[in-house]
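Q: Need a 3D model of the following:
(one chain, ligands or ions: 1)
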Amino acid sequence: MRVLVTGGTGYIGSTAVEILLTQGFEISILDDCSMGHADTVPAGVRFVNGSLLNVSEVADALTGCDAVMHFAGKSLVGESVEKPDLYHSVNVDGTRILLDQMREQLITKIVFSSSAATYGEPKVVPILETSETIPTNPYGATKLAIDHMITAEAAAHGISAASLRYFNVAGALKAKRGWLAERHNPETHLIPNVLRSTTDNPVKIFGTDWPTHDGTCIRDYVHVIDLIDAHLKALQSLGKPGHEIYNLGSGSGYSVREVVAAASAATGQQIPFIDSPRRAGDPAVLIADISKAKSKLAWEPSRDMNTMVSDTLKSMA
Ligand code: UDP
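A: The predicted structure is shown next:
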């Protein structure tokens, strides 16, 4: 089976490529390398250095594929608040082109990287897939629009699809060619920023007046290897026309201060930090109810916060 991995040179996409290869899949990648890195592409993989917004590049990348794992897209909450048009264009319009070209080539299976940001500020925690979806930022709005688009595509044209709503992805995978880690510049994600924190340039804690036990935001962290394991299980579950949505997290939450404490314990040094104003677009608490993925996909994450922090640390060495 050949799988097109869109966004296959990015942090999560490149990890998927590595794991799919070890499971015997053939891989094609479509990526414009705007966030990813072409040096992550392994030997033997078909690589189309192109854009989701370019119809002929998308059609080329899909040629000969049986299924799609769709990771490509803009993914930063703060940036989406500043550039909502860019997020709509790449994420929503780009996915429309991908679905159209899949239909042209009779490719009926897709696993999509959706997000917990689709839920917005939840009324009830942990969050179920049936919870209300009122995104608090344009990034989440684009992911929700795509989920709706895929539901409609499945109803109209019989594709078989799974949207995986990621909570906070962390950790890293060591491939033969090196660590597949977050390499963003500037880095916006909490765990890499905490591990990079210095006395001269301490990590900022975005908001200390949130309605949580210690005033900082709470998130649900899942290791990238566990996350990709869920993608494989979701892919294997496809076949019948329809669209299923699954939350992927750990089922429990860490506040920003608790992440700093976990990283201090893992490194054996107190991580310096500075209390700072809230970041635009952040909800206070996001924790997943993962019982649907557990029961329907037989998936369960097995790597804890300690492993996420220490793998991220090793990947940065
Ligand atoms: N955060 C922070 N300092 C940073 C980066 C993130 O305090 O340098 C906070 C952020 O406001 C959020 C949590 O850490 O509450 C996780 O943010 P991240 O950007 O890692 O993921 P997101 O939840 O936006 O997907």
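
Q: Show me which residues of the chain are close to the ligand?
A: Contact residues, the chain versus the ligand (CB under 6 Å from any ligand atom): 77, 168, 188-190, 193, 203-206, 217, 219, 256, 279, 282. C-betas here are computed from N, CA, C, even on glycine.

Q: residue contacts, whatever residue of the stretch 101-250 of the chain ends up closest to the ligand?
A: In the stretch 101-250 of the chain, no residue comes nearer to the ligand than residue 217, which is 3.0 Å away by CB to the nearest ligand atom. By CB atoms under 8 Å, 6 or more residues apart in numbering, residue 217 lies in contact with 206, 207, 210, 255, 256, 282, 283, 284, 285.

Q: at 7 Å what do you get?
A: 207, 210, 255, 256, 282, 284 (CB atoms under 7 Å, 6 or more residues apart in numbering).

Q: these two touch, right, the second one and residue 218?
A: No. At 8.1 Å, residue 210 and residue 218 do not qualify as touching, with contact defined as CB atoms under 7 Å.

Q: What does the pLDDT read for the closest residue to the ligand within the stretch 1-150 of the chain?
A: Shortest the stretch 1-150 of the chain-to-the ligand distance, computed as CB to the nearest ligand atom: residue-wise this is residue 77, at 4.5 Å. Looking at residue 77, its pLDDT stands at 88.

Q: what's around it, how many residues?
A: Applying other CB atoms under 10 Å, we find 21 other residues in the vicinity of residue 77.

Q: How about it, nearest residue that isn't a chain neighbour?
A: Closest residue to residue 77 apart from its sequence neighbours, by CB to CB, 6 or more residues apart in numbering: residue 281 at 4.6 Å.

Q: The residue of the stretch 1-150 of the chain closest to the ligand contacts residue 135, doesn't it?
A: No. Shown here, residue 77 and residue 135 do not form a contact pair, counting by CB under 7 Å, at 9.8 Å.

Q: hey, what's in contact with both of the two?
A: By CB under 7 Å, 6+ apart, the residues touching both residue 77 and residue 135 are residue 117.

Q: max-length helix in this structure?
A: Within the chain, and with DSSP state H defining each element, the longest helix by residue count is helix 138-157.

Q: which strands and helices sit next to it?
A: helix 77-82, helix 84-87, helix 94-104, strand 109-115, strand 160-166, strand 242-248 (3 or more CB pairs under 7 Å, 6 or more residues apart in numbering; DSSP states H and E).

Q: Which phi and psi values does the residue nearest to residue 77 adopt?
A: When read as degrees, to the nearest 10, the backbone of residue 281 gives phi 90, psi -10.

Q: Next one: it from residue 31, what distance?
A: 25 Å (CB to CB, to the nearest Å).

Q: Repeat that for residue 89.
A: 17 Å.

Q: swap in residue 261?
A: In terms of CB to CB, residue 261 sits 36 Å off from residue 31.

Q: who's more crowded, the two?
A: Legend: neighbour count by other CB under 10 Å for residue 261 and residue 31, higher for residue 31 (28 against 17).

Q: thought that one was touching residue 72?
A: Yes. The criterion here is CB under 7 Å, and residue 31 meets it with residue 72 at 6.4 Å.

Q: which residues do the two both contact?
A: In contact with both residue 31 and residue 72: residue 7, using CB under 7 Å, 6+ apart.

Q: returning to that earlier point: if I read this right, the residue nearest to residue 77 contacts residue 78, doesn't it?
A: Yes. Between residue 281 and residue 78 there is a contact at 6.4 Å, judged by CB under 7 Å.

Q: Just to check, residue 64 is in contact with residue 2?
A: Yes. With contacts counted by CB under 7 Å, residue 64 reaches residue 2, the gap being 5.7 Å.

Q: what about the strands in the stretch 151-300 of the chain?
A: 160-166, 168-170, 173-175, 178-180, 203-206, 218-219, 221-223, 242-248, 254-255, 273-276 (DSSP state E, counting those that start in this stretch).
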